[in-house]
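Enquirer: just to be clear, the model below is a prediction. Sequence and coordinates:
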Amino acid sequence: MIIGVLHLSISIPEANSLKDKRSVIRSMKDRTVAHMNVSAAEVGKQDLWKAGEFAFVTVAASKMIVEQRLAKLSTRLRADPRYVVLTIETEFL
């Protein structure tokens, strides 16, 4: 069993309130979880309007499958114009 974790740090330049931030975050998390085999959680910067930190996790029997999922996830996250990706880091457990 291989566990893959993708850590994401973003900036949300258009957010002018926590409500704006939550709208972007909720949409991003819901779409990602619905279309990919991952779980997601906001793990940092919850009180900042224009920033967010997330962890996405996936599990599979093969490291190759986990790597492919995380690569697709990374591509999908970078394509959203509502926020700017600052960092993406992957880790395997």
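Expert: Nice, thanks for sending it over. Numbers count the residues shown, from 1 in each chain.
Enquirer: just how off-centre is stretch 73-91 within its chain?
Expert: With Cα atoms, centre = their mean, to the nearest Å as the basis, stretch 73-91 stands 7 Å off its chain's centre.
Enquirer: which stretches in this structure count as strands?
Expert: Secondary structure of the chain (DSSP state E): strands located at 2-11, 39-44, 51-60, 84-92.
Enquirer: out of these, nearest to residue 31?
Expert: strand 39-44 (10.1 Å; Cβ to Cβ). The C-beta positions use only the backbone N, C-alpha and C, and glycine is treated the same way.
Enquirer: in its sheet, what does the closest one sit against?
Expert: strand 51-60 (antiparallel) (DSSP bridges).
Enquirer: now the longest helix along the chain: mean pLDDT?
Expert: Counting residues, the longest helix found in the chain (DSSP state H) is helix 18-35. Averaging pLDDT along helix 18-35 gives 92.
Enquirer: one more: stretch 84-92?
Expert: In this model, stretch 84-92 has a mean pLDDT of 97.
Enquirer: next one, pLDDT for residue 43 please.
Expert: Per-residue confidence (pLDDT) for residue 43: 94.
Enquirer: for it, which non-adjacent residue is spatially closest?
Expert: Nearest in space to residue 43, with sequence neighbours left out and distances taken as Cβ to Cβ, 6 or more residues apart in numbering, is residue 55 at 4.8 Å.
Enquirer: re earlier: and the contacts of the longest helix of the chain?
Expert: Here helix 18-35 makes contact (Cβ atoms under 8 Å, 6 or more residues apart in numbering) with 12, 14-15, 38-40, 42, 47-50, 52, 54, 56, 73, 76-77, 80, 82-83.
Enquirer: just the buried residues of those.
Expert: Buried members of the contacts of helix 18-35, scored by 16 or more other Cβ atoms under 10 Å, are 12, 15, 38, 40, 42, 50, 52, 54, 56, 73, 77, 83.
Enquirer: the closest residue in space to residue 84 that isn't next to it in sequence pairs with what?
Expert: In space, residue 84 comes closest to residue 11 once its chain neighbours are excluded; the distance is 4.5 Å by Cβ to Cβ, 6+ apart. Per DSSP bridges, the residues bridged to residue 11 are residue 51, residue 84.
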